[in-house]
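> return a 3D structure for these sequence lines:
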Amino acid sequence: MANLKIILLRQHYEKLLTLARKSRPIESCAILIGLVEDDNVKVADIFPVKNINESPTSFSVSPEDIYRVYKAAEEKKMDIIAIFHSHTASSYPSEKDLNGMTKWPIIWLIMGFDGMRAFKLVNGHELVEVEISIVDEP
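Residues are numbered from 1 along each chain as shown. Okay, here's the model as predicted:
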């Protein structure tokens, strides 16, 4: 776990950046699917989802959207590997994010005014920053 890395294609990064910019000031969100190979988490697809809170300081995803993404991941023989959302402030997790991480113990990508960072809650309480690798080809 010490060298955990999430790998995104440049087009995935651009899609997340566009999503965050278009939804401002409301937090945008997406669910990412892909494969985990050792300490490398490879993003294969991004599913933008509606922030049903329509809030600049929190997000929630509808059960229908979660089901839709689970079904797509299952059909592609992949897993839900990360949650993305944007902040109007820094890309560091809020208290609400940390609470959410206990329920969704996967990588959380957060896009803030200072760029995008990734985090994972380990052992239910230890926040670990995850390396982000943006590549041009798979």
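
> all strands for the protein, in order.
For the chain, strands defined by DSSP state E occupy the ranges 5-9, 29-37, 40-49, 79-86, 107-112, 115-122, 126-135.

> tabulate those strands (TSV), appending distance to Glu64.
C-beta here means a position set from N, CA and C on the backbone, and glycine is covered the same way. Below are these laid out as TSV (distance: least, Cβ to Cβ, whole Å):
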stretch	distance to Glu64
strand 5-9	26
strand 29-37	12
strand 40-49	9
strand 79-86	15
strand 107-112	21
strand 115-122	26
strand 126-135	28
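
> can you verify my assumption that Leu98 contacts Leu127?
Yes: Leu98 is within contact range of Leu127, at 7.0 Å (criterion: Cβ atoms under 8 Å).

> mind listing the shared neighbours of the two?
Counting by Cβ atoms under 8 Å, 6 or more residues apart in numbering, the residues touching both Leu98 and Leu127 are Leu121.

> can I get the strands of the chain in JSON lines with mean pLDDT and mean neighbour count?
As requested, these are exported to JSON lines (pLDDT from 0 to 100; neighbours: other Cβ atoms under 10 Å):
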{"stretch": "strand 5-9", "mean pLDDT": "96", "mean neighbour count": "20"}
{"stretch": "strand 29-37", "mean pLDDT": "96", "mean neighbour count": "20"}
{"stretch": "strand 40-49", "mean pLDDT": "96", "mean neighbour count": "19"}
{"stretch": "strand 79-86", "mean pLDDT": "96", "mean neighbour count": "22"}
{"stretch": "strand 107-112", "mean pLDDT": "96", "mean neighbour count": "22"}
{"stretch": "strand 115-122", "mean pLDDT": "94", "mean neighbour count": "18"}
{"stretch": "strand 126-135", "mean pLDDT": "94", "mean neighbour count": "14"}
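
> for Pro93, which of these is the nearest?
Nearest to Pro93, of all those, is strand 115-122, at 5.6 Å by Cβ to Cβ.

> cool, thanks, talk later.
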